[in-house]
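only the shape, not the letters, is given here:
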(Lines give C-alpha, C1' and ligand atoms only; values in the text may rest on other atoms or scores of the structure.)
Protein backbone atom coordinates (compact mmCIF):
# COMPACT_ATOMS: atom_id res chain seq x y z
CA UNK A 1 0.00 0.00 0.00
CA UNK A 2 2.76 2.36 0.94
CA UNK A 3 4.55 1.49 -2.29
CA UNK A 4 1.46 2.42 -4.36
CA UNK A 5 1.11 5.74 -2.52
CA UNK A 6 4.78 6.49 -3.23
CA UNK A 7 4.35 5.80 -6.96
CA UNK A 8 1.25 8.02 -7.10
CA UNK A 9 3.13 10.82 -5.35
CA UNK A 10 5.91 10.61 -7.91
CA UNK A 11 3.44 10.83 -10.78
CA UNK A 12 1.69 13.80 -9.20
CA UNK A 13 5.03 15.57 -8.77
CA UNK A 14 6.00 14.90 -12.39
CA UNK A 15 2.59 16.14 -13.51
CA UNK A 16 2.99 19.36 -11.55
CA UNK A 17 6.44 19.92 -13.02
CA UNK A 18 5.08 19.33 -16.52
CA UNK A 19 2.25 21.80 -15.95
CA UNK A 20 4.68 24.42 -14.67
CA UNK A 21 6.94 23.95 -17.70
CA UNK A 22 3.99 24.31 -20.07
CA UNK A 23 2.79 27.43 -18.25
CA UNK A 24 6.30 28.89 -18.40
CA UNK A 25 6.56 28.24 -22.14
CA UNK A 26 3.13 29.77 -22.70
CA UNK A 27 4.15 32.82 -20.69
CA UNK A 28 7.34 33.29 -22.70
CA UNK A 29 5.44 32.80 -25.94
CA UNK A 30 2.77 35.29 -24.89
CA UNK A 31 5.44 37.80 -23.88
CA UNK A 32 7.13 37.46 -27.28
CA UNK A 33 3.80 37.88 -29.10
CA UNK A 34 2.99 40.96 -27.00
CA UNK A 35 6.44 42.34 -27.85
CA UNK A 36 5.70 42.11 -31.57
CA UNK A 37 6.88 38.65 -32.60
CA UNK A 38 4.15 38.24 -35.23
CA UNK A 39 3.65 41.91 -36.07
CA UNK A 40 3.66 42.52 -39.81
CA UNK A 41 6.38 44.93 -40.92
CA UNK A 42 5.02 47.40 -43.47
CA UNK A 43 7.53 49.62 -45.29
CA UNK A 44 6.30 52.64 -47.22
CA UNK A 45 7.45 55.94 -48.68
CA UNK A 46 5.77 59.24 -48.00
CA UNK A 47 5.45 61.98 -45.41
CA UNK A 48 7.38 61.49 -42.17
CA UNK A 49 5.69 60.71 -38.85
CA UNK A 50 7.59 63.55 -37.14
CA UNK A 51 8.39 67.19 -37.78
CA UNK A 52 11.51 69.20 -37.07
CA UNK A 53 13.21 68.25 -33.81
CA UNK A 54 15.87 69.52 -31.43
CA UNK A 55 17.88 66.77 -29.79
CA UNK A 56 20.59 66.30 -27.22
CA UNK A 57 23.03 63.67 -28.47
CA UNK A 58 26.37 61.93 -28.07
CA UNK A 59 28.35 60.89 -31.15
CA UNK A 60 30.37 57.69 -31.31
CA UNK A 61 32.44 55.65 -33.77
CA UNK A 62 32.33 51.91 -33.11
CA UNK A 63 30.02 48.89 -33.03
CA UNK A 64 26.32 49.72 -32.94
CA UNK A 65 26.02 47.39 -29.96
CA UNK A 66 27.63 50.12 -27.85
CA UNK A 67 24.62 52.38 -28.38
CA UNK A 68 22.74 50.78 -25.49
CA UNK A 69 24.83 52.59 -22.88
CA UNK A 70 24.19 55.93 -24.58
CA UNK A 71 20.44 55.30 -24.52
CA UNK A 72 20.75 54.56 -20.81
CA UNK A 73 22.71 57.78 -20.23
CA UNK A 74 19.98 59.83 -21.88
CA UNK A 75 17.16 58.09 -20.02
CA UNK A 76 18.90 58.64 -16.69
CA UNK A 77 18.81 62.41 -17.23
CA UNK A 78 15.16 62.61 -18.29
CA UNK A 79 12.91 59.57 -18.52
CA UNK A 80 9.95 61.49 -19.98
CA UNK A 81 11.59 62.45 -23.27
CA UNK A 82 11.64 60.33 -26.44
CA UNK A 83 14.85 58.57 -27.43
CA UNK A 84 16.43 58.82 -30.88
CA UNK A 85 19.24 56.98 -32.63
CA UNK A 86 20.86 58.09 -35.89
CA UNK A 87 22.91 55.44 -37.70
CA UNK A 88 25.09 56.62 -40.60
CA UNK A 89 26.73 53.43 -41.86
CA UNK A 90 25.54 50.07 -43.11
CA UNK A 91 26.97 47.46 -40.69
CA UNK A 92 26.92 44.87 -43.50
CA UNK A 93 29.41 46.85 -45.61
CA UNK A 94 31.33 48.86 -42.99
CA UNK A 95 33.43 47.20 -40.29
CA UNK A 96 31.90 47.54 -36.81
CA UNK A 97 34.85 49.59 -35.53
CA UNK A 98 34.20 52.26 -38.19
CA UNK A 99 30.43 52.58 -37.86
CA UNK A 100 29.27 56.07 -36.89
CA UNK A 101 26.16 56.91 -34.90
CA UNK A 102 24.55 59.50 -32.64
CA UNK A 103 22.27 58.63 -29.71
CA UNK A 104 20.23 61.01 -27.59
CA UNK A 105 16.88 62.41 -26.50
CA UNK A 106 14.41 64.63 -28.35
CA UNK A 107 14.12 67.89 -26.41
CA UNK A 108 11.41 69.48 -28.56
CA UNK A 109 9.44 68.92 -31.75
CA UNK A 110 7.92 71.31 -34.28
CA UNK A 111 7.67 74.96 -33.26
CA UNK A 112 8.31 74.22 -29.58
CA UNK A 113 11.68 75.17 -28.13
CA UNK A 114 13.67 73.30 -25.48
CA UNK A 115 13.98 75.01 -22.13
CA UNK A 116 17.28 76.43 -20.93
CA UNK A 117 17.14 74.06 -17.98
CA UNK A 118 16.90 71.04 -20.30
CA UNK A 119 19.84 72.23 -22.38
CA UNK A 120 22.02 72.88 -19.32
CA UNK A 121 21.12 69.54 -17.79
CA UNK A 122 22.14 67.54 -20.87
CA UNK A 123 25.24 69.61 -21.60
CA UNK A 124 26.36 68.99 -18.02
CA UNK A 125 26.66 65.27 -18.84
CA UNK A 126 28.48 65.69 -22.14
CA UNK A 127 25.53 65.86 -24.56
CA UNK A 128 25.50 68.30 -27.47
CA UNK A 129 22.51 70.13 -28.91
CA UNK A 130 21.50 70.01 -32.58
CA UNK A 131 18.36 70.41 -34.70
CA UNK A 132 17.00 68.34 -37.58
CA UNK A 133 14.55 69.85 -40.09
CA UNK A 134 11.31 68.21 -41.12
CA UNK A 135 12.18 65.62 -43.78
CA UNK A 136 10.16 66.10 -46.96
CA UNK A 137 9.97 62.48 -48.11
CA UNK A 138 11.12 59.38 -46.29
CA UNK A 139 11.12 55.60 -46.35
CA UNK A 140 9.62 54.51 -43.07
CA UNK A 141 8.30 51.66 -40.99
CA UNK A 142 7.11 51.23 -37.42
CA UNK A 143 7.10 48.51 -34.79
CA UNK A 144 5.41 48.06 -31.39
CA UNK A 145 7.42 49.26 -28.42
CA UNK A 146 5.81 47.43 -25.53
CA UNK A 147 8.73 45.65 -23.83
CA UNK A 148 12.54 45.70 -23.99
CA UNK A 149 12.29 42.61 -26.19
CA UNK A 150 10.53 44.78 -28.79
CA UNK A 151 13.80 46.55 -29.50
CA UNK A 152 15.61 43.33 -30.42
CA UNK A 153 12.70 42.08 -32.50
CA UNK A 154 12.48 45.41 -34.33
CA UNK A 155 16.19 45.50 -35.13
CA UNK A 156 16.12 41.98 -36.56
CA UNK A 157 12.89 42.37 -38.53
CA UNK A 158 12.52 45.99 -39.61
CA UNK A 159 16.04 46.72 -40.86
CA UNK A 160 16.10 43.78 -43.32
CA UNK A 161 12.69 44.88 -44.62
CA UNK A 162 13.97 48.44 -45.12
CA UNK A 163 17.07 47.15 -46.90
CA UNK A 164 14.98 45.08 -49.29
CA UNK A 165 12.56 47.94 -50.02
CA UNK A 166 15.35 50.45 -50.70
CA UNK A 167 17.39 48.04 -52.83
CA UNK A 168 14.47 46.88 -54.98
CA UNK A 169 13.50 50.48 -55.80
CA UNK A 170 17.09 51.71 -56.10
CA UNK A 171 16.50 54.54 -53.66
CA UNK A 172 19.04 56.72 -51.90
CA UNK A 173 17.70 56.72 -48.35
CA UNK A 174 20.01 57.51 -45.43
CA UNK A 175 20.88 57.96 -42.62
CA UNK A 176 18.64 55.64 -40.63
CA UNK A 177 16.76 57.21 -37.73
CA UNK A 178 15.15 55.22 -34.91
CA UNK A 179 12.65 57.22 -32.87
CA UNK A 180 11.20 55.67 -29.71
CA UNK A 181 7.93 57.52 -29.25
CA UNK A 182 5.30 56.35 -26.77
CA UNK A 183 4.43 52.75 -27.68
CA UNK A 184 5.96 52.70 -31.19
CA UNK A 185 9.44 52.60 -32.70
CA UNK A 186 9.61 54.62 -35.92
CA UNK A 187 12.28 53.85 -38.49
CA UNK A 188 12.83 56.82 -40.80
CA UNK A 189 15.20 57.12 -43.79
CA UNK A 190 15.25 60.56 -45.49
CA UNK A 191 15.11 60.55 -49.29
CA UNK A 192 16.29 64.14 -49.70
CA UNK A 193 18.60 66.62 -47.97
CA UNK A 194 20.35 63.83 -46.11
CA UNK A 195 23.16 66.17 -45.10
CA UNK A 196 20.73 68.06 -42.85
CA UNK A 197 20.64 64.98 -40.61
CA UNK A 198 24.41 64.84 -40.16
CA UNK A 199 25.52 66.08 -36.75
CA UNK A 200 28.62 68.37 -36.77
CA UNK A 201 31.02 65.54 -35.85
CA UNK A 202 29.76 63.46 -38.76
CA UNK A 203 30.10 66.40 -41.16
CA UNK A 204 33.71 66.89 -40.07
CA UNK A 205 34.53 63.21 -40.61
CA UNK A 206 32.97 63.34 -44.08
CA UNK A 207 34.95 66.48 -44.93
CA UNK A 208 38.23 64.82 -43.90
CA UNK A 209 37.33 61.66 -45.82
CA UNK A 210 36.67 63.65 -49.00
CA UNK A 211 39.94 65.55 -48.57
CA UNK A 212 41.93 62.31 -48.24
CA UNK A 213 40.17 60.81 -51.27
CA UNK A 214 40.87 63.93 -53.35
CA UNK A 215 44.54 63.91 -52.31
CA UNK A 216 44.90 60.24 -53.26
CA UNK A 217 43.24 60.89 -56.62
CA UNK A 218 45.57 63.82 -57.32
CA UNK A 219 48.60 61.69 -56.43
CA UNK A 220 47.41 58.91 -58.75
CA UNK A 221 46.91 61.43 -61.55
CA UNK A 222 50.42 62.85 -61.07
CA UNK A 223 52.02 59.39 -61.11
CA UNK A 224 50.03 58.35 -64.19
CA UNK A 225 51.05 61.50 -66.05
CA UNK A 226 54.71 60.96 -65.09
CA UNK A 227 54.61 57.36 -66.32
CA UNK A 228 52.96 58.43 -69.57
CA UNK A 229 55.50 61.19 -70.20
CA UNK A 230 58.36 58.73 -69.68
CA UNK A 231 56.85 56.14 -71.99
CA UNK A 232 56.13 53.63 -69.22
CA UNK A 233 53.08 51.37 -69.22
CA UNK A 234 50.24 53.03 -67.34
CA UNK A 235 50.22 50.25 -64.75
CA UNK A 236 53.39 48.49 -63.60
CA UNK A 237 52.45 44.87 -62.95
CA UNK A 238 53.64 43.50 -59.64
CA UNK A 239 54.23 46.84 -57.89
CA UNK A 240 52.17 48.61 -55.25
CA UNK A 241 50.96 52.18 -55.47
CA UNK A 242 53.70 53.20 -53.04
CA UNK A 243 56.38 51.67 -55.28
CA UNK A 244 54.94 53.30 -58.38
CA UNK A 245 55.25 56.64 -56.61
CA UNK A 246 58.86 55.86 -55.73
CA UNK A 247 59.54 54.93 -59.33
CA UNK A 248 58.02 58.16 -60.61
CA UNK A 249 60.36 60.11 -58.32
CA UNK A 250 63.57 58.14 -58.87
CA UNK A 251 63.41 57.42 -62.59
CA UNK A 252 63.93 61.04 -63.75
CA UNK A 253 66.79 61.42 -61.23
CA UNK A 254 68.34 58.17 -62.49
CA UNK A 255 68.32 59.61 -66.00
CA UNK A 256 70.17 62.75 -64.89
CA UNK A 257 67.29 65.11 -64.17
CA UNK A 258 67.41 67.34 -61.12
CA UNK A 259 65.03 66.07 -58.41
CA UNK A 260 62.67 68.53 -56.68
CA UNK A 261 64.25 70.33 -53.74
CA UNK A 262 67.89 69.67 -54.77
CA UNK A 263 70.25 72.64 -54.93
CA UNK A 264 72.66 71.21 -57.47
CA UNK A 265 72.55 68.97 -60.51
CA UNK A 266 73.10 65.32 -59.50
CA UNK A 267 74.25 64.11 -62.91
CA UNK A 268 78.02 63.92 -62.13
CA UNK A 269 77.56 61.21 -59.53
CA UNK A 270 75.02 59.09 -61.42
CA UNK A 271 75.96 55.82 -63.04
CA UNK A 272 75.12 55.49 -66.75
CA UNK A 273 71.79 53.84 -67.40
CA UNK A 274 72.15 50.09 -68.15
CA UNK A 275 72.39 49.34 -71.85
CA UNK A 276 70.77 45.91 -71.88
CA UNK A 277 66.99 45.50 -72.45
CA UNK A 278 64.72 46.07 -69.47
CA UNK A 279 63.47 42.78 -67.96
CA UNK A 280 59.91 42.01 -66.92
CA UNK A 281 58.29 44.56 -64.55
CA UNK A 282 57.70 41.67 -62.13
CA UNK A 283 61.42 41.51 -61.37
CA UNK A 284 62.51 43.71 -58.49
CA UNK A 285 65.98 43.75 -60.02
CA UNK A 286 64.44 45.52 -62.99
CA UNK A 287 63.10 48.08 -60.55
CA UNK A 288 66.59 48.55 -59.14
CA UNK A 289 68.07 48.89 -62.65
CA UNK A 290 65.47 51.42 -63.67
CA UNK A 291 65.18 53.54 -60.55
CA UNK A 292 68.06 52.99 -58.09
CA UNK A 293 70.55 55.81 -57.51
CA UNK A 294 74.06 54.45 -56.88
CA UNK A 295 77.01 56.56 -55.76
CA UNK A 296 80.38 55.16 -56.95
CA UNK A 297 82.15 56.99 -54.11
CA UNK A 298 80.46 54.79 -51.51
CA UNK A 299 82.29 51.42 -51.60
CA UNK A 300 79.76 49.46 -49.55
CA UNK A 301 77.05 49.97 -52.18
CA UNK A 302 77.11 47.48 -55.09
CA UNK A 303 77.52 48.77 -58.64
CA UNK A 304 74.79 47.88 -61.12
CA UNK A 305 75.81 45.29 -63.68
CA UNK A 306 75.70 46.55 -67.28
CA UNK A 307 74.90 43.23 -68.93
CA UNK A 308 73.39 39.80 -68.42
CA UNK A 309 69.91 38.84 -67.38
CA UNK A 310 68.71 40.80 -64.38
CA UNK A 311 66.52 37.93 -63.23
CA UNK A 312 69.60 35.94 -62.13
CA UNK A 313 69.86 38.04 -58.97
CA UNK A 314 67.73 37.31 -55.93
CA UNK A 315 64.88 39.84 -55.59
CA UNK A 316 65.26 39.68 -51.81
CA UNK A 317 68.93 40.67 -51.51
CA UNK A 318 71.71 42.48 -53.33
CA UNK A 319 75.27 41.12 -53.03
CA UNK A 320 74.18 39.27 -49.92
CA UNK A 321 72.72 42.38 -48.26
CA UNK A 322 69.00 42.94 -47.67
CA UNK A 323 67.57 45.38 -50.16
CA UNK A 324 66.13 47.62 -47.46
CA UNK A 325 69.58 48.15 -45.90
CA UNK A 326 71.12 48.79 -49.32
CA UNK A 327 68.48 51.27 -50.38
CA UNK A 328 68.48 53.14 -47.08
CA UNK A 329 72.30 53.40 -46.90
CA UNK A 330 73.64 56.99 -46.78
CA UNK A 331 74.74 58.61 -50.00
CA UNK A 332 77.08 61.54 -49.18
CA UNK A 333 77.14 62.70 -52.79
CA UNK A 334 73.44 63.47 -52.84
CA UNK A 335 74.51 66.99 -51.86
CA UNK A 336 71.52 67.63 -49.62
CA UNK A 337 68.97 65.94 -51.83
CA UNK A 338 67.00 64.44 -48.94
CA UNK A 339 63.55 64.95 -50.34
CA UNK A 340 63.12 61.34 -51.49
CA UNK A 341 64.37 58.94 -48.76
CA UNK A 342 61.03 57.18 -48.52
CA UNK A 343 61.09 56.47 -52.22
CA UNK A 344 64.28 54.45 -51.71
CA UNK A 345 62.74 52.54 -48.84
CA UNK A 346 59.59 51.84 -50.84
CA UNK A 347 61.54 50.02 -53.53
CA UNK A 348 63.40 47.99 -50.95
CA UNK A 349 60.37 47.07 -48.87
CA UNK A 350 59.41 44.24 -51.22
CA UNK A 351 62.35 42.20 -50.03
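Happy to help now that I have it. Small disclaimer: the values here were computed from a predicted structure and weren't measured.

mind naming the longest helix for this protein?
The helix that spans the most residues within the chain, counting by DSSP state H, is helix 2-34.

what's that helix packed up against?
Helix 2-34 sits against helix 148-168, with contacts defined as 3 or more CB pairs under 8 Å, 6 or more residues apart in numbering; DSSP states H and E. (Each C-beta comes from the backbone N, C-alpha and C, glycine too.)

what is the helix it packs on packed up against?
Secondary-structure packing of helix 148-168 (3+ CB pairs under 8 Å, 6+ apart): helix 2-34, strand 138-144, strand 184-190.

CSV please, covering those and showing mean neighbour count, mean pLDDT and distance to residue 114.
Shown next, in CSV, are the helices and strands packed on helix 148-168 (neighbours: other CB atoms under 10 Å; pLDDT from 0 to 100; distance: least, CB to CB, whole Å):
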stretch, mean neighbour count, mean pLDDT, distance to residue 114
helix 2-34, 10, 85, 34
strand 138-144, 21, 96, 23
strand 184-190, 22, 97, 20
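
those strands in the protein, which residues are they?
For the chain, the strands defined by DSSP state E occupy 44-46, 53-61, 82-87, 100-109, 128-132, 138-144, 176-181, 184-190, 317-318, 321-322.

quick one: contacts of the second one?
It refers to strand 53-61. Contacts to strand 53-61, defined as CB atoms under 8 Å, 6 or more residues apart in numbering, come from residues 66-67, 70, 73-74, 84, 86, 97-109, 113-114, 118-119, 122-123, 126-132, 199, 201-202, 205.

repeat that for the fifth one.
Contacts of strand 128-132 from elsewhere in the structure, counted by CB under 8 Å, 6+ apart, are 52-59, 107, 114, 119, 122-123, 196-197, 199-200.

mind running it again at 6 Å?
53-54, 56-57, 119, 197, 199 (CB atoms under 6 Å, 6 or more residues apart in numbering).

how about the longest one?
Strand 100-109 is contacted by residues 51, 53-61, 67, 70-71, 74, 81-89, 114, 118, 199, 202 when judged by CB under 6 Å, 6+ apart.

what pairs with it, parallel or antiparallel?
strand 53-61 (antiparallel), strand 82-87 (antiparallel) (DSSP bridges).

a markdown table for those strands, including mean neighbour count, mean pLDDT and distance to residue 216?
Converted to a markdown table, those look like this (neighbours: other CB under 10 Å; pLDDT from 0 to 100; distance: least, CB to CB, whole Å):
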| stretch | mean neighbour count | mean pLDDT | distance to residue 216 |
| --- | --- | --- | --- |
| strand 53-61 | 21 | 97 | 21 |
| strand 82-87 | 21 | 97 | 27 |
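
residue 44: which of those strands is closest?
Nearest of these to residue 44, taken as CB to CB: strand 82-87 at 19.8 Å.

domain map for the protein?
44-198, 236-348 (automatic domain parsing).

sorry, back to before: I'd like the helices and strands packed on helix 148-168 as CSV, with distance to residue 177 appended.
Formatted as CSV, the helices and strands packed on helix 148-168 follow (distance: least, CB to CB, whole Å):
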stretch, distance to residue 177
helix 2-34, 25
strand 138-144, 9
strand 184-190, 4
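
how far away is the closest residue to residue 104 other than its chain neighbours from residue 11?
The shortest distance from residue 104 to any non-neighbouring residue, by CB to CB, 6 or more residues apart in numbering, is to residue 57 (3.2 Å). Here the criterion is CB to CB, to the nearest Å. By it, residue 57 lies 61 Å from residue 11.

residue 116 too?
For residue 116, the distance to residue 11 - CB to CB - is 70 Å.

cool, and residue 84?
56 Å.

now do residue 34
In terms of CB to CB, residue 34 sits 34 Å off from residue 11.

could you do residue 62 as well?
56 Å.

again, but for residue 155
Note on residue 155: its distance to residue 11, by CB to CB, is 45 Å.

now swap in residue 110 and tell me
66 Å.

flag the shaky bits of the stretch 201-350 of the chain, pLDDT-wise.
220-350 (pLDDT under 70).

partners of residue 129 in the sheet?
If you apply DSSP bridges, the partners that residue 129 bridges to are residue 56.

do the same with the one 10 residues further on
Residue 139 has the following beta-bridge partners by DSSP bridges: residue 45, residue 189.

ok, residue 20 - contacts?
Counting by CB under 6 Å, 6+ apart, there are no residues that residue 20 touches.

related to what we said a few turns ago, report the angle between the longest helix of the chain and strand 138-144.
If you take axes from the mean of the first three to the mean of the last three CA atoms, to 10 degrees, helix 2-34 sits at 150 degrees to strand 138-144.

what's the angle between helix 2-34 and helix 148-168?
Using the same axes, to 10 degrees: helix 2-34 against helix 148-168 is 50 degrees.

what's the neighbour count on residue 154?
Residues lying near residue 154 (other CB atoms under 10 Å) number 24.

I'd say it and residue 142 touch.
No. The pair residue 154 / residue 142 is not scored as a contact, 8.9 Å apart, by CB atoms under 6 Å.

run a quick neighbour tally on residue 194.
For residue 194, using other CB under 10 Å, the count is 15.

typed the wrong thing, it's residue 148
8.

list the contacts of it.
Contacts of residue 148 (CB under 6 Å, 6+ apart): none.
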